[in-house]
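> Fold the following for me, if possible:
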Amino acid sequence: MNKTIAIIYAAKSIATALGKACESSGGVVTLIEANPSVIHEVKGGSFGMILIDYSVLRGESKDLLTQIRDQSDLSNVFVSIYMPANEDLSEVTLFPRPDHVLQSPFTAAKVNAVVRQAFSFPNEVMYVGVRDNTELLLALREMGYEVSFFDAPELALNAGVEKVPDFIIAEYKLSEQTALDLRKSQLACSQLKDVPMVVAYQGRDVNEIESIIRCDVEEVLLSPFASAVNLKKIQDHFPLPPRGKRLKALVVDDSPSVSKMIASMFRKLGYEVELAVNGFDGYKKMAQFKPDIVTSDYDMPVLDGWGFCLELRDDANFRDIPIIMITSRDSPLDRKKGELLGVSSYLTKPFVLSQLKHAIKDAVASAKVAKEQEAIAKFVASDTLKAVTDMVDGGKRANIGSEKYITVLFTDIVAFSEKCERYSPRKIIKLLNTYFDLMVGVLSEHGAIIDKFIGDAIVARFDSGNIETDAINAVKAAWRMQEKLKEFNEESFEEIQIRIGVNSGDVILGNLGSKSHRLEYAMIGDSVNIGQRLESSAPAKGCMISESTYEHAKKHVLVSERKEIEVKGKSNKVPAYIVTGLA
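Numbers count the residues shown, from 1 in each chain. Predicted coordinates:
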């Protein structure tokens, strides 16, 4: 990775000090004095990061940012502007926007953070413990963290001053002291006082745990330290942002003083900030600014916070973005309304920077959980989620299984193996996913639960509790699937024909598999087998239904003459009908 850094300066003394801080963070620094041809020096240097003195952009080189972004070989270089602390960021207008703004004092921690962001260095962890081969330490290294081990707190503090870590993990019981003693020494050190600490605690003594929490540590890990829960906590607290990505916050508030104050807090946390004066203005800026998080006031003209949140949650492009509602409204009713809107976190006026930081953390975590749940729902049928909830609550129903009368539908693609021989795997996957999207859409419109996908086959069940409704919906869905497939084939690069089989009867629904490893919520029974055999016996482009399904849906379906088919494993033939239309 190219770790070279150019510092374009007006004052050499400041640039020199800044350069030393960058070098201690792993960068190779070149100082370039501002001049009319500075863009040519930068272009020829193959730099991965450029730091520009803000005063340079206020002089003859005011177009330097534009010149850098206009160069194709510099367009992706990480650019940071450094400036004095007395500059009001809300009054600073830079275009194009830099990736980062660094304000004095240029501490080792600040410089280290921006250098690491620019080059996507792995998060640095200072691990203070008794042994260098603990499971947690090894797991951190496997996850991609850069871990430095110290068995003596004094050595750790000295090393931390030289090279500031992203966070510290300390085992509670050290050689001659505890993690609490290390925490006190850390807080007394100006270079390390802002570095988060995680304490790994082996015991279960409630008084000791309380003493750890009172030391204002970032997190407490209980043994076993390398558990999946603990590792996820670390990942959630200390994720590595993508290369060169500066997090963005959109602040929506009609009060200039309030929005300016919130923006200032976000900037102190390293965010790039955009302001909007009401919900309508905020919604317009969403697509252009593409924020990572949004704060919104509740009471605003034109479009209030309620309407603004509704618009975001109804838009597929924005519905996953965390929203912090900043308002003086804090009643249970207001919070319930916010929950319905998908508000990720609430912040009541007035508040301070630490409260905003916690609200951001809560909002991001809440949005992540919601997104994970939505993703899980795409892999798991709705009644499977109910079974999972039942297991978590200690219920036995899913483990034992329950007998229900439902309607099952099987469908697969005719001569699918031949298509796999003619096309590449990538093209087959594209064909299947487009086909599945269309068919699952039809099934969902008719109340089906998608049980599983087996290669090119779809298995669905209709289980509303109303026997006749389930049979009717299944038959209508089957007919509609064939109709939609005709539209699909008009534009597809490969024609698809399908067979469909539908049967109504008793099945067993429950968990199958290994209790200690993996379970699948599935349906089994004679009625399921018959449904599958009906599908394999159906004609191409056709649907075959059992006599039981026909009896429930005969007022709504047109069929051919009754026929009997042989089903493997059954001594008697099974009566069935070919669907010819809907009544």
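> And the strands in the stretch 451-583 of the chain?
457-462, 498-513, 519-524, 542-546, 557-559, 563-565, 574-582 (DSSP state E, counting those that start in this stretch).
> Return the member of the ones you listed having the minimum mean pLDDT.
For those, the weakest mean pLDDT is recorded on strand 519-524, namely a mean of 78.
> If you tally nearby residues, what's the number for residue 232?
10 (other C-beta atoms under 10 Å). To be clear about C-beta, it is placed using only N, CA and C from the backbone, and glycine gets the same treatment.
> brain fart, residue 334
Around residue 334 there are 18 residues (other C-beta under 10 Å).
> neighbouring contacts of the helix or strand hosting it?
Using DSSP states H and E, the element containing residue 334 is helix 332-341. Residues from elsewhere that reach helix 332-341, judged by C-beta atoms under 8 Å, 6 or more residues apart in numbering: 298, 306, 309, 310, 313, 323, 325, 327, 346.
> who touches residue 49 in this structure?
Residue 49 sits in contact with 4, 5, 6, 27, 77, 78, 79, 80, 115, 118, 119, where contact means C-beta under 8 Å, 6+ apart.
> ok, 6 Å please
The contact partners of residue 49, taken as C-beta atoms under 6 Å, 6 or more residues apart in numbering, are 5, 78, 118.
> Quick one: the helices in the stretch 151-300 of the chain, in order.
153-162, 179-187, 206-214, 228-237, 256-268, 279-289 (DSSP state H, counting those that start in this stretch).
> buried residues in the second one?
Think helix 179-187. 179, 180, 182, 183, 186 (16 or more other C-beta atoms under 10 Å).
> can you list the domains in this structure?
The record, using automatic domain parsing to delimit domains, assigns the chain the ranges 4-119, 124-237, 248-377, 383-582.
> what is the mean pLDDT for the third one?
Pointing back at domain 248-377 there. 84.
> Quick check: which element contains the residue nearest the centre of the chain?
Centroid check for the chain by C-alpha atoms, centre = their mean gives residue 368 as the closest residue, at 5.2 Å. Residue 368 belongs to helix 353-379 when assigned by DSSP H and E.
> just the angle between that helix and helix 228-237, please?
120 degrees (axes from the mean of the first three to the mean of the last three C-alpha atoms, to 10 degrees).
> the inter-axis angle of helix 353-379 versus helix 256-268?
Going by the same axes, to 10 degrees, helix 353-379 makes 70 degrees with helix 256-268.
> returning to that earlier point: let me have the contacts of helix 332-341 in a markdown table, extended by distance to residue 39, secondary structure and neighbour count.
Converted to a markdown table, the contacts of helix 332-341 look like this (distance: C-beta to C-beta, whole Å; DSSP: H, G, I helix; E, B strand; the rest coil; neighbours: other C-beta atoms under 10 Å):
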| residue | distance to residue 39 | secondary structure | neighbour count |
| --- | --- | --- | --- |
| 298 | 47 | coil | 20 |
| 306 | 49 | helix | 20 |
| 309 | 44 | helix | 24 |
| 310 | 47 | helix | 16 |
| 313 | 45 | helix | 17 |
| 323 | 41 | strand | 27 |
| 325 | 45 | strand | 28 |
| 327 | 47 | strand | 19 |
| 346 | 47 | strand | 18 |
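> between these, which is closest to residue 202?
Nearest to residue 202 out of the contacts of helix 332-341 is residue 346 (C-beta to C-beta; 36.3 Å).
> quick one: the residue lying closest to the closest one once chain neighbours are set aside and residue 308, what's the gap?
Nearest residue to residue 346, sequence neighbours excluded (C-beta to C-beta, 6 or more residues apart in numbering): residue 325, at 5.4 Å. Noted for residue 325: a distance of 10 Å to residue 308, by C-beta to C-beta, to the nearest Å.
> what is in contact with these two at once?
residue 296.
> what's the following helix or strand after whichever strand or helix holds residue 67?
Assigned by DSSP H and E, residue 67 falls within helix 64-70. Using DSSP H and E, the helix or strand that follows helix 64-70 in sequence is strand 78-83.
> Mind jotting down where the helices sit in the stretch 401-550 of the chain?
Under DSSP H, counting those that start in this stretch, the stretch 401-550 of the chain gives helices at 416-422, 425-445, 467-491, 526-537, 547-553.
> Which one, of those, ends up nearest to residue 158?
Each of these has some distance to residue 158 by C-beta to C-beta; the shortest is helix 425-445, at 54.3 Å.
> CA-only coordinates of the closest one in PDB, if you can.
What follows is helix 425-445 as a C-alpha-only set of coordinates in PDB (Å, rounded to 0.1, in the frame of the first residue of the first chain):
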ATOM      1  CA  PRO A 425     -22.700 -20.400 -13.700                       C
ATOM      2  CA  ARG A 426     -22.900 -16.600 -13.500                       C
ATOM      3  CA  LYS A 427     -25.600 -16.500 -16.200                       C
ATOM      4  CA  ILE A 428     -27.500 -19.300 -14.600                       C
ATOM      5  CA  ILE A 429     -27.600 -17.600 -11.300                       C
ATOM      6  CA  LYS A 430     -28.800 -14.400 -12.900                       C
ATOM      7  CA  LEU A 431     -31.500 -16.300 -14.700                       C
ATOM      8  CA  LEU A 432     -32.600 -18.100 -11.600                       C
ATOM      9  CA  ASN A 433     -32.700 -15.100  -9.300                       C
ATOM     10  CA  THR A 434     -34.700 -13.100 -11.900                       C
ATOM     11  CA  TYR A 435     -37.200 -16.000 -12.200                       C
ATOM     12  CA  PHE A 436     -37.300 -16.500  -8.400                       C
ATOM     13  CA  ASP A 437     -38.100 -12.800  -7.800                       C
ATOM     14  CA  LEU A 438     -41.000 -13.000 -10.200                       C
ATOM     15  CA  MET A 439     -42.400 -16.300  -8.900                       C
ATOM     16  CA  VAL A 440     -42.000 -15.500  -5.200                       C
ATOM     17  CA  GLY A 441     -43.800 -12.100  -5.800                       C
ATOM     18  CA  VAL A 442     -46.800 -14.000  -7.200                       C
ATOM     19  CA  LEU A 443     -46.800 -16.500  -4.400                       C
ATOM     20  CA  SER A 444     -46.500 -13.800  -1.700                       C
ATOM     21  CA  GLU A 445     -49.400 -11.900  -3.300                       C
END
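> In that helix, which residues are buried?
Result for helix 425-445 [16+ other C-beta under 10 Å]: buried residues 428, 431, 432, 435, 438, 439, 440, 442, 443.
> same check, this time on stretch 329-340
329, 334, 337, 338.
> that's a helix at the first one, yeah?
No: if the criterion is DSSP: H, G, I helix; E, B strand; the rest coil, then residue 329 is coil and not within a helix.
> Please consider this matter closed, and thank you.
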